[in-house]
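Participant: Here is a sequence with its predicted model. Questions after.
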Amino acid sequence: MEYLKKVEEEKYLYSHENPDGTQTYFVRKVENGKDTTECLNTNRIGTARKLRDGWVHGRTSKKLGIIEKVEEKGPVLIAVILDDYEKAGYPDHQGNPKKPGDHLTSELASIVALRGFWDGKEVGALTQNNWDDYRDWRRINCSRKGSSCNRATDLDKNCLSNACKWAIRKEKLADNPMSKIGKFSSYLKAKHCKAYSPQKVEELHAAVRAVFNSPKSEALGWQALFEAASGCRTAEILQLRLDAQPDEPGYILDDNMCVRRCKNVGRENPFVNLTPEFKVIISAHKIWHDRYYPNNPWYFPNVRTVAKGKVACPHAQTSSLTKCLDRLFDKKILKRKFTSHGMRAFYVLWRRSHGISDAQICAEINQIGGTRTLEISYGIVPPSWLGGKGPKLTLLPADRRNYAWANLLASK
């Protein structure tokens with residue numbers, strides 16, 4: 001018990017100071033001649049008192065011969081469930097910590113929102129009525145004015161449900177209260193990336209050309225072209241490095257580029273094919289990168305500066321391209337709204353126009369959900385395109401002068 005400190009004016013309670021400054025509480029138990037300490041797995045003094053009192057009550061009842069059911073652990077707090085889930089690294093169904101990506105980013109944001117409303121409340125408060133109140137609170141505190149926050153609330157529900165599942169696995173909960181709570185939005189009514197995708201090569205290069213007009217967003221223009229040529233997700237494409245070794249994102253092997261590490265061997269495709277048109281984009285990107293960022297190994301360097309003492313991410317952020325496209329749309333420079341994920345939709349459109357089957361496209365872009373998910377997110381293949389009768393779209397305009405980077409490389 002050398003590393004434990006007695007909590008003043010609290011019988012049997014001890015604490016241990018964690019590296020982050022918080023306290024983890026323990027109870028000292030002396031029973032049957034044994035002197036032991038038991039971790040209460042909480043950093044809240046109120047919860048520690050309840051757990052200590054439950055143990056004392058049970059011990060006293062046992063001495064008096066009173067047989068009764070005692071809730072030794074007391075009510076479970078939502079904050080404790082979230083803390084345990086976060087400390088475990090947001091574990092998946094197999095109990096393994098999530099790796100960086102869209103799902104982890106979403107859960108990091110949800111954890112912050114959930115704590116803002118549910119801190120101090122017990123798991124028993126998770127009812128549909130209270131969840132409706134949470135959605136209203138979410139809407140009031142949303143940074144995007146006018147948003148219904150229905151989708152954001154549903155993402156928070158998924159996060160809290162995952163946290164409850166982890167608590168069940170660790171025997172802190174008997175069931176998942178979130179399973180009885182409904183959603184506010186439907187994927188059938190959601191606007192998918194197909195609605196924010198270029199529909200032809202001229203539209204793609206015109207949008208990227210507008211992004212290239214600002215030196216601060218040049219890397220984002222190349223990011224858009226790489227996404228359209230590979231079908232990669234934003235989080236995947238931003239991991240590419242020029243100094244990549246075999247099995248690392250960015251490594252080129254003949255006509256293939258490694259863009260993701262394979263989690264499930266035999267099920268996931270770690271490579272994208274380098275078509276002749278994609279190779280033209282890669283060659284142009286290399287000229288630009290060697291000229292302005294020779295010491296930065298990332299394909300898409302981050303040019304943003306941060307306050308003194310803070311370390312900036314060396315590559316572009318996951319939301320930067322979409323925000324840049326939004327600004328251009330708001331200024332009416334772009335006639336239609338585009339998103340980063342919309343470039344992935346262009347890849348699907350491009351491949352379909354050449355008669356490539358949805359099953360093969362799913363393998364190429366690592367769409368584990370299969371052809372049904374592909375149809376939901378990117379629409380169905382026009383019947384007139386079947387059998388290779390599509391318009392056969394290209395990645396590059398017929399005239400080199402219309403390449404998005406033509407002025408960019410010529411003027412500098």
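Facilitator: Structure received.

Participant: where does Pro97 land on pLDDT?
Facilitator: As predicted, Pro97 sits at a pLDDT of 85.

Participant: Let me see the contact set for it.
Facilitator: Ala88, Gly89, Tyr90, Pro91 (CB atoms under 8 Å, 6 or more residues apart in numbering). (Each C-beta comes from the backbone N, C-alpha and C, glycine too.)

Participant: My read is that the third one contacts Lys99, right?
Facilitator: Pointing back at Tyr90 there. No: with contact defined as CB atoms under 8 Å, Tyr90 and Lys99 do not form a contacting pair (9.7 Å).

Participant: Which stretches in the stretch 251-400 of the chain count as strands?
Facilitator: Applying DSSP state E, counting those that start in this stretch to the stretch 251-400 of the chain gives strands spanning 252-253, 256-258, 271-273.

Participant: got those strands as CSV, with mean pLDDT, distance to Leu325 and mean neighbour count columns?
Facilitator: What follows is these, written out as CSV (pLDDT from 0 to 100; distance: least, CB to CB, whole Å; neighbours: other CB atoms under 10 Å):
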stretch, mean pLDDT, distance to Leu325, mean neighbour count
strand 252-253, 92, 28, 12
strand 256-258, 95, 24, 19
strand 271-273, 93, 22, 19
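
Participant: Distance to Asn150 added to these, as CSV?
Facilitator: Listed next are these as CSV, based on distance: least, CB to CB, whole Å:
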stretch, distance to Asn150
strand 252-253, 43
strand 256-258, 38
strand 271-273, 34
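
Participant: Figure out which of those is closest to Cys193.
Facilitator: Using CB to CB as the measure, strand 271-273 is the one of the strands of the stretch 251-400 of the chain that comes nearest Cys193, at 17.8 Å.

Participant: What pairs with that closest one, parallel or antiparallel?
Facilitator: Here strand 271-273 is paired, per DSSP bridges, with strand 256-258 (antiparallel).

Participant: which residues touch the partner strand?
Facilitator: Residues contacting strand 256-258 (CB under 8 Å, 6+ apart): 230, 240, 244, 246-252, 270-274.

Participant: mind checking which of the strands of the stretch 251-400 of the chain is nearest Glu17?
Facilitator: Between these, strand 256-258 lies closest to Glu17; by CB to CB that is 44.5 Å.

Participant: roughly how far is the closest one from the heart of the chain?
Facilitator: 23 Å (CA atoms, centre = their mean, to the nearest Å).

Participant: re earlier: looking at Tyr90 and Lys99, which has the bigger crowd around it?
Facilitator: Tyr90 (22 against 13; other CB atoms under 10 Å).

Participant: quick one: average pLDDT of the longest strand seen in the chain?
Facilitator: Secondary structure of the chain per DSSP state E: the longest strand is strand 23-31. Averaging pLDDT along strand 23-31 yields 80.

Participant: after that strand, next one along is what?
Facilitator: strand 34-39 (DSSP states H and E).

Participant: and that following strand, what does it pack onto?
Facilitator: Judged by 3 or more CB pairs under 8 Å, 6 or more residues apart in numbering; DSSP states H and E, strand 34-39 is in contact with strand 23-31.

Participant: Give me the residues contacting the strand it packs on.
Facilitator: Here strand 23-31 makes contact (CB under 8 Å, 6+ apart) with 1, 4, 7, 12-18, 35-45, 47-48, 51-52, 55, 59.

Participant: run the last query once more with 7 Å
Facilitator: The contact list for strand 23-31 (CB atoms under 7 Å, 6 or more residues apart in numbering) reads 4, 12-18, 36-40, 42-43, 45, 48, 51-52, 55.

Participant: sorry, back to before: quick one, which of the strands of the stretch 251-400 of the chain is nearest to Val208?
Facilitator: Val208 lies closest, by CB to CB, to one member of these: strand 271-273, at 18.7 Å.

Participant: Can you classify Ser106 as helix, strand or coil?
Facilitator: helix (DSSP: H, G, I helix; E, B strand; the rest coil).

Participant: Could you verify my assumption that it touches Asp156?
Facilitator: No: with contact taken as CB atoms under 7 Å, Ser106 and Asp156 are classed as non-touching, separated by 9.2 Å.

Participant: more crowded one of these two?
Facilitator: Taking neighbours as other CB under 10 Å, Ser106 and Asp156 compare with Asp156 leading, 26 against 16.

Participant: Please tell me how far the more buried one sits from Thr339.
Facilitator: Using CB to CB, to the nearest Å, one gets 22 Å for the distance from Asp156 to Thr339.

Participant: cool, and Ser148?
Facilitator: 19 Å.

Participant: what about those two, which has more around it?
Facilitator: Thr339 (21 against 14).

Participant: Could you pull up the contacting residues of that one?
Facilitator: With the criterion set at CB under 7 Å, 6+ apart, Thr339 makes contact with Cys193, Tyr196, Thr322, Leu325.

Participant: Could you do Thr42 as well?
Facilitator: Tyr25, Ala48, Val80.

Participant: rerun at 6 Å
Facilitator: Counting by CB atoms under 6 Å, 6 or more residues apart in numbering, Thr42 makes contact with Tyr25, Ala48.

Participant: part of a strand, is it?
Facilitator: No: counting by three-state DSSP, Thr42 is located in no strand; its state is coil.

Participant: State the pLDDT value of it.
Facilitator: 81.

Participant: any idea how far it lies from Lys286?
Facilitator: 54 Å.

Participant: Over to Pro397?
Facilitator: Applying CB to CB to Pro397 and Lys286 gives a distance of 20 Å.

Participant: ditto for Pro270
Facilitator: From Pro270 to Lys286 the distance is 22 Å (CB to CB).

Participant: coming back round to it: among Pro397 and Lys286, which residue is more densely surrounded?
Facilitator: Legend: neighbour count by other CB under 10 Å for Pro397 and Lys286, higher for Pro397 (17 against 12).

Participant: For the more buried one, list the residues it contacts.
Facilitator: So Pro397 contacts Val201, His205 (CB under 6 Å, 6+ apart).
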